[in-house]
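*Asks:* give me coordinates for this.
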Amino acid sequence: MRQLVFLFLISLTACNGQTKKSDQTIDKQTEASNFEVPDSTYVILDYKSDWHWLFKDVEPATLTENELVEVESIIEKAVKENNEQQQESLEKHNKEYPNNQWTETGFELRTKGFKRQYVPVINRDGQKEIWINFFCDDWGNDNWKSGLMIVEDGGNCYFNLKVNLETGTYSELYINGYS
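*Replies:* Model (predicted):
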């Protein structure tokens with residue numbers, strides 16, 4: 001019996017200190033092997049100080065696969081809330097203008113098939129924040145894998161938001177306009 005307890009304790013000790021793959025940090029600019037974004041491609045970019053318009057007083061950070069899963073659930077919430085607001089706006093418009101009915105507002109969001117750029121940082125409060133940039137067209141080149149994809153206009157084909165992992169919230173959801 002003592003041998004069984006001893007073997008059990010050895011096996012527990014041997015497993016301590018090993019890190020699960022899902023807890024390991026993901027290398028920049030590569031897709032995580034276990035984390036999957038439905039029908040999307042993404043890259044994790046290091047924050048650069050000349051991107052000061054994204055964040056102020058921050059330090060670059062990394063993301064784990066578990067954190068990417070958390071971010072994804074917050075993104076889903078943001079998209080759902082936005083689309084519900086757009087539906088309300090659509091219904092209001094169609095009620096006020098029965099002779100000018102719309103089928104959509106043009107600001108509804110989807111993420112399937114969009115490319116993504118994640119820029120993780122630690123803010124001045126020690127919280128991990130991530131700016132996520134979504135776009136449906138990369139114009140046939142891979143420049144977006146090393147630098148920010150900044151586009152004017154283009155409507156809901158281009159949008160971005162910030163996610164705070166500590167608070168589980170999103171902010172600054174920005175959807176491009178139409179020219």
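*Asks:* chain center to the host helix or strand of residue 75: distance?
*Replies:* In the assignment (DSSP states H and E), residue 75 maps to helix 65-96. Relative to its parent chain, helix 65-96 has a centroid offset of 14 Å by Cα atoms, centre = their mean, to the nearest Å.
*Asks:* next SSE after it?
*Replies:* Downstream of helix 65-96, the next assigned helix or strand under DSSP H and E is strand 115-122.
*Asks:* list the buried residues of that next one.
*Replies:* Buried residues in strand 115-122, counted by 16 or more other Cβ atoms under 10 Å: 115, 116, 117, 118, 119, 120, 121, 122. In short, each C-beta sits where N, CA and C put it, glycine included.
*Asks:* identify the residue nearest the fifth one in space, chain neighbours excluded?
*Replies:* By that I understand residue 119. Spatial nearest neighbour of residue 119, chain neighbours left out: residue 131 (4.4 Å); criterion: Cβ to Cβ, 6 or more residues apart in numbering.
*Asks:* tell me the secondary structure for the one you found?
*Replies:* Here residue 131 takes the strand state, with states given by DSSP: H, G, I helix; E, B strand; the rest coil.
*Asks:* and it, what is it in contact with?
*Replies:* Taking Cβ atoms under 8 Å, 6 or more residues apart in numbering as the contact definition, residue 131 lies against 54, 55, 118, 119, 121, 160, 161, 162.
*Asks:* of the buried residues of strand 115-122, just say which sits nearest to residue 83.
*Replies:* Among the buried residues of strand 115-122, residue 116 lies closest to residue 83 (Cβ to Cβ), at 18.1 Å.
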